[in-house]
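Engineer: Turn this into a model:
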Amino acid sequence: MESLVDATAGAVGSVVSTTILYPLDTCKTKYQAEIGGHQKYKKISDVVFEAISSGEIVWLYQGLGTKNVQSFISSFIYFYEYSFFKKLYLKKSGGKSIGTRANLVVATAAGVCTIIVTQPLDTISSKMQTSTFGKAKGFWKTLSEGSYFDGLGISLLLTVNPSIQYTAFDQLKQRLFKARNNKGVDSSSELSAFSAFVLGAVTKCLATCFTYPLIRCKVMIQSAESDDDAQDEVQLRARKTVSGAISAIWKREGVLGFFKGLQAQILKTFLSSALLLMVKEKIMKSTWVLMLGLRRYLQLTRTRLKSS
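Structural biologist: Numbering: from 1, shown residues only. Next up is the predicted model:
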């Protein structure tokens, strides 16, 4: 039950943050997908200006439905597995708290389980986001093109990103409560909205800086190949393999190319992760009440059916 509550709260928080920040995510993804040569977007604001000038501002939301489904399923599975594996570890070890190394292993295991299930949705969402404004093919048509697992290898490598984030979040959260107790301040198991926001933002930014070159390569591999915007062979090759993406970035943009769009990525992840964890922390109690009420209702229904 506790793992289910944790997963539900995390999934709801993920959908809320994804919906609010989706236009920024679209701009960031389209900017990251371009490489070297005659680039259409010199800076991320060019994506916004293009949408406004062409009267296609609504298409900053293209692929939102798919992204929300992916975010909900991904977060639900991740938080459920993370909570389940952590409690299993504590039960087997007999300890009261989990160490940093064990936390990283648990978080990575949860991340791998999540990626394998949700990779097709993630790929389709990226293809829809990077399509020309107004020309996104939609979920079913994009699905029919295949290539569901583009970037799976690099996505598995990127499981270290949430592993770093949530491990750091849990450790900082425990230290914060410990510091409050040492000062004689009454400490509960619930973070304030502000504390959850700050801790979520800081830990996600830290994880993003470490893994950004892989994030850039993943976007290039997954981005739509069907646009007619002067894509050369190097660009198309870069979207098929990790080695191709790394080689293309190195040849066309140099070392700094691996960090193109880092500021936009940090801004997006800063706000997204902070909102997700803030919402998750604040709805945990109400989710508990809802789940207990639902379980009670199902038990009563089962009892009535048996008696009848």
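Engineer: contacts, neighbours, all on C-alpha from now
Structural biologist: Will do.
Engineer: Just want to check the distance between Asp170 and Ala179.
Structural biologist: Here the criterion is Cα to Cα, to the nearest Å. By it, Asp170 lies 14 Å from Ala179.
Engineer: whoops, I mixed them up, Gly134
Structural biologist: 52 Å.
Engineer: go on, Pro162?
Structural biologist: Taking Cα to Cα, one finds Pro162 at 25 Å from Ala179.
Engineer: And Ala207, by the same measure?
Structural biologist: With distances taken as Cα to Cα, Ala207 is found 24 Å from Ala179.
Engineer: Of those two, which one has the most company?
Structural biologist: Under the criterion of other Cα atoms under 10 Å, the comparison of Ala207 against Ala179 puts Ala207 first, with 21 against 13.
Engineer: In which helix or strand does that one reside?
Structural biologist: Under the criterion of DSSP states H and E, Ala207 resides in helix 193-222.
Engineer: would you list every one of the helices in the stretch 151-300 of the chain?
Structural biologist: Remark: helices assigned in the stretch 151-300 of the chain by DSSP state H, counting those that start in this stretch are 152-157, 160-182, 193-222, 233-238, 242-253, 262-307.
Engineer: Relative to Ser14, which of these is closest?
Structural biologist: Of all these, helix 262-307 sits nearest to Ser14, with 5.1 Å by Cα to Cα.
Engineer: Skip the chain neighbours and tell me the closest residue to Gln129.
Structural biologist: Thr26 (5.6 Å; Cα to Cα, 6 or more residues apart in numbering).
Engineer: Could you count how many residues lie near the one you found?
Structural biologist: The number of residues packed near Thr26 is 24, by other Cα under 10 Å.
Engineer: Just say helix, strand or coil for it.
Structural biologist: Three-state call for Thr26 (DSSP: H, G, I helix; E, B strand; the rest coil): helix.
Engineer: which residue is nearest the centroid of this structure?
Structural biologist: When Cα atoms, centre = their mean is applied to the chain, the residue found nearest the centroid is Ser71 (6.7 Å).
Engineer: Just the element for it, please.
Structural biologist: Using DSSP H and E, the element containing Ser71 is helix 64-93.
Engineer: what sits against Ser3?
Structural biologist: Neighbour list for Ser3: Phe79, Tyr80, Glu81, Ser83, Phe84 [criterion: Cα atoms under 8 Å, 6 or more residues apart in numbering].
Engineer: Give me the buried entries from the residues you listed.
Structural biologist: Listed as buried from the contacts of Ser3 are Phe79, Tyr80, Glu81, Ser83, Phe84; burial here means 16 or more other Cα atoms under 10 Å.
Engineer: May I see these organised as CSV, with pLDDT added?
Structural biologist: Listed next are the buried ones among the contacts of Ser3 as CSV, based on pLDDT from 0 to 100:
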residue, pLDDT
Phe79, 81
Tyr80, 84
Glu81, 85
Ser83, 82
Phe84, 84
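Engineer: of the residues you listed, closest to Leu156?
Structural biologist: Proximity of these to Leu156 (Cα to Cα) peaks at Glu81, which lies at 15.8 Å.
Engineer: Grab the nearest non-local neighbour of the closest one.
Structural biologist: Leaving aside its chain neighbours, Glu81 sits nearest to Ala110 (5.1 Å; criterion: Cα to Cα, 6+ apart).
Engineer: and the one you found, how many residues sit next to it?
Structural biologist: Other residues lying near Ala110 total 24 when counted by other Cα under 10 Å.
Engineer: Please, which helix or strand holds it?
Structural biologist: Element membership of Ala110 [criterion: DSSP H and E] is helix 100-130.
Engineer: Give me the helices and strands touching that helix, please.
Structural biologist: On a contact count with 3 or more Cα pairs under 8 Å, 6 or more residues apart in numbering; DSSP states H and E, helix 100-130 meets helix 2-33, helix 64-93, helix 139-144, helix 152-157, helix 160-182, helix 193-222.
Engineer: in it, what's buried?
Structural biologist: By neighbour count on 16+ other Cα under 10 Å, the buried set for helix 100-130 is 103-115, 118-130.
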